[in-house]
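Asks: prediction below, plus the sequence it came from.
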Amino acid sequence: MPKGFQGFQKGHGSFLTKEQYKIIADKNRPKMLGHPQYNTGKTHFRKGHGMNKGSENPQWKGGRTQPKNGYVFIKINGHPMANSGGYIMEHRLVMSEYLGRILSRKEIVHHKNKIPSDNRIENLEVMNQRDHSILHCSNKINLICKFCNSSYQKCKSHSIGSKYCSRLCQNESMKHPRTNLDSN
């Protein structure tokens with residue numbers, strides 16, 4: 001068997017010996033000068049070619065990106081609604097500027113025409129999570145609140161055991177059991 005293939009035999013820990021690794025590394029050192037594994041103390045970045053951020057980077061595309069889900073993201077570092085990478089969803093930014101306040105995480109910005117890249121203010125509306133899920137639900141049912149007697153809608157799949165139109169009515173019914181219409 002050739003000498004180079006002895007590492008494949010049973011009982012051999014490595015393909016090459018330490019001396020053979022050293023010889024190969026010495027031969028290839030000029031090629032791998034910048035490689036971190038074979039770094040000789042010099043940085044592997046050439047002077048003047050550091051990691052440019054933002055508009056300084058030659059790959060910069062204006063801070064606007066659109067992933068496959070169709071939503072547009074804009075790069076605004078330090079914005080309170082931005083994610084950890086500094087990006088904010090454009091429809092949330094447009095609505096926030098229109099309302100003149102920061103949107104909470106519980107507020108959903110809905111696209112009326114269901115096109116996620118259409119961020120005109122007339123196409124956007126703010127709603128809570130419950131209303132947004134009901135809007136996108138195909139099997140809606142009408143129910144009557146056991147506390148305030150108002151009618152409300154829920155998805156059929158989420159309506160099991162539903163007695164109250166909101167958490168407020170549910171909490172109030174717990175505080176005032178005598179006014180609760182369920183106790184009759």
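Replies: Perfect, I can see it now. On a predicted model such as this, the values are computed, not experimentally measured, just so you know.

Asks: from here on, contacts and neighbour counts on C-alpha atoms
Replies: OK.

Asks: contacts only, for the residue most central in space within the chain.
Replies: What sits nearest the mean C-alpha location of the chain, by C-alpha atoms, centre = their mean, is residue 83, with 7.6 Å. When contacts are counted by C-alpha atoms under 8 Å, 6 or more residues apart in numbering, residue 83 touches no other residue.

Asks: what does the pLDDT read for it?
Replies: With respect to pLDDT, residue 83 has a value of 91.

Asks: can you tell me the SS state at it?
Replies: Under DSSP: H, G, I helix; E, B strand; the rest coil, the three-state class of residue 83 is coil.

Asks: can you report how many residues lie near residue 140?
Replies: 17 (other C-alpha atoms under 10 Å).

Asks: that one and residue 152 touch, don't they?
Replies: No - under the criterion of C-alpha atoms under 8 Å, residue 140 is not in contact with residue 152, lying 10.0 Å apart.

Asks: mind listing the shared neighbours of those two?
Replies: Contacts common to residue 140 and residue 152, judged by C-alpha under 8 Å, 6+ apart, are absent.

Asks: quick one: the helices in the chain?
Replies: 18-28, 90-99, 129-136, 167-175 (DSSP state H).

Asks: quick check: which of those helices is nearest to residue 53?
Replies: helix 90-99 (20.9 Å; C-alpha to C-alpha).

Asks: now for the closest one, which elements pack on it?
Replies: Contacts defined by 3 or more C-alpha pairs under 8 Å, 6 or more residues apart in numbering; DSSP states H and E place helix 90-99 against strand 107-111, strand 124-128.

Asks: in it, what counts as buried?
Replies: Within helix 90-99, the residues scored as buried using 16 or more other C-alpha atoms under 10 Å are 90-96.
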